[in-house]
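Next input, structure requested:
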Amino acid sequence: MLARQRQAAILDRVRSAGGVRVTELAAEFGVSDMTIRRDLETLHEQGLLAKVHGGATLADAGSTDEPGFRAKSVIQAAEKAAIATRAAQLVRPGAAVALSAGTTTAELARRLVDVPGLTVVTNSLPVAEILHVGGRPDQTVVLTGGVRTPSDALVGPLAVAALGALHLDLLFLGVHGISERAGFTTPNLMEADTDRALVAAADRLVVLADHTKWGTVGISSIVGLDAADVLITDDRLAPGARRVLEERVGELVMVPGTEGAQ
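Residues are numbered from 1 along each chain as shown. Next comes the predicted model:
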């Protein structure tokens, strides 16, 4: 296959799936990782896709753009894994916790499958699947109803109603963006309502967000920065962002973003 043909096939794959990994493309086309990286660089220079760590996604759009779960899963994978590992240390056996939708919370779910007596409430289809397939028999998984979004979240009035009568120890919240003015945001209006219901149901709010979320603003605010009891991010956070967050959130935890994603 000529390079031009391969690049066209790669672009088709990104457009259909929302994101691709270098290793998967190399295996599929029978070429080296370096060849695929050159292809992605060419497509990136043409403005046809966005290069990310380990792969590529669709080029950035506006505040209502909502990438699919697969597209987001290839972005900052190592940082998300490290954040999830740190977050798992906050979970105790027998706790009742909530995990919002998101790729970082899905990474956290993989680290909770062996926690005994855990009750997990979630509006994330991938999180529920991870715990259903790999979790312990003494765990309870509660999946809200609702309308499915491109990021595999269940949102809307049904989800909000399901959360209204619950009382949870911890909420682990994944977010689309963080800013000093807008707080924690999402590109989906109904998802913001559902996330606020999750926040209201939990005694403590732990936000999970890698450093690239700073400065990104989705169309709808979930809660302000002051609402977070803990924010776990990676150590590539910009110094200015760090100063703002140290002043505004209850506790800022920065982890080395070096652990390989699962």
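
Tell me the helix or strand right after the lowest-mean-pLDDT helix or strand in the chain.
The element with the least model confidence among the helices and strands of the chain, by mean pLDDT, DSSP states H and E, is helix 69-73, at a mean of 57. Sequence order places helix 77-88 as the next helix or strand after helix 69-73, per DSSP states H and E.

Run a quick neighbour tally on the residue lying closest to Leu168 once chain neighbours are set aside.
Distances taken as C-beta to C-beta, 6 or more residues apart in numbering put Ala202 closest to Leu168, at 4.5 Å, once the chain neighbours are dropped. In short, each C-beta sits where N, CA and C put it, glycine included. Applying other C-beta atoms under 10 Å, we find 22 other residues in the vicinity of Ala202.

from what I can see Ala202 touches Asp169, true?
Yes. Shown here, Ala202 and Asp169 form a contact pair, counting by C-beta atoms under 8 Å, at 7.1 Å.

Run through the stretch 151-262 of the chain and note the low-pLDDT ranges.
Residue ranges of the stretch 151-262 of the chain with pLDDT under 70: 258-262.

Try it again at 80.
Along the stretch 151-262 of the chain, segments meeting pLDDT under 80 span 257-262.

all strands for it, in order.
154-155, 168-174, 177-179, 183-186, 202-208, 220-223, 230-234, 252-255 (DSSP state E, counting those that start in this stretch).

And those strands: which comes nearest Arg92?
Shortest distance between Arg92 and the strands of the stretch 151-262 of the chain, using C-beta to C-beta, is found for strand 168-174: 8.2 Å.

Can you list the neighbours in contact with that closest one?
Contacts of strand 168-174 from elsewhere in the structure, counted by C-beta atoms under 8 Å, 6 or more residues apart in numbering, are 87, 90-91, 95-105, 108, 121, 184, 195, 198-199, 201-209, 222.

Separate out the buried members of those residues.
Taking 16 or more other C-beta atoms under 10 Å as the criterion, what is buried in the contacts of strand 168-174 is 87, 90-91, 95-105, 108, 121, 184, 195, 198-199, 201-202, 205-209, 222.

what residues are up against the residue nearest to Ala78 when sequence neighbours are not counted?
Nearest-residue entry for Ala78: Gly257, 5.4 Å, with adjacent residues in sequence omitted and distances by C-beta to C-beta, 6+ apart. Shown in contact with Gly257 (C-beta under 8 Å, 6+ apart): Gln76, Ala78, Glu79, Ala82, Ile83, Asp210, His211, Asp234, Asp235, Arg236.

Among those, which one sits closest to Glu180?
For the contacts of Gly257, with Glu180 as the reference and C-beta to C-beta as the criterion, the closest is His211, at 14.9 Å.

Am I right that that closest one is in contact with Ile232?
No. With contacts counted by C-beta under 8 Å, His211 stays clear of Ile232, the gap being 11.3 Å.

Settle it for me: which of those two has more neighbours?
Ile232 (26 against 20).

quick one: that one and Ala88 touch, right?
No. Using C-beta under 8 Å, Ile232 makes no contact with Ala88, being 10.4 Å away.

quick one on the thing from earlier: what's the separation between the residue nearest to Leu168 and Ala228?
Between Ala202 and Ala228 the distance, using C-beta to C-beta, to the nearest Å, works out to 11 Å.

how would you label Leu48: helix, strand or coil?
Each residue gets one of three states, and Leu48 gets coil by DSSP: H, G, I helix; E, B strand; the rest coil.

How about Met34?
Once three-state DSSP is applied, Met34 turns out helix.

same thing with Val91?
Of the three states, Val91 takes coil under three-state DSSP.

Let me know the pLDDT of Ser16.
As summarised for this prediction, Ser16 has a pLDDT of 67.

Surely Gly145 is in a helix?
No. Going by three-state DSSP, the assignment for Gly145 is coil, not a helix.
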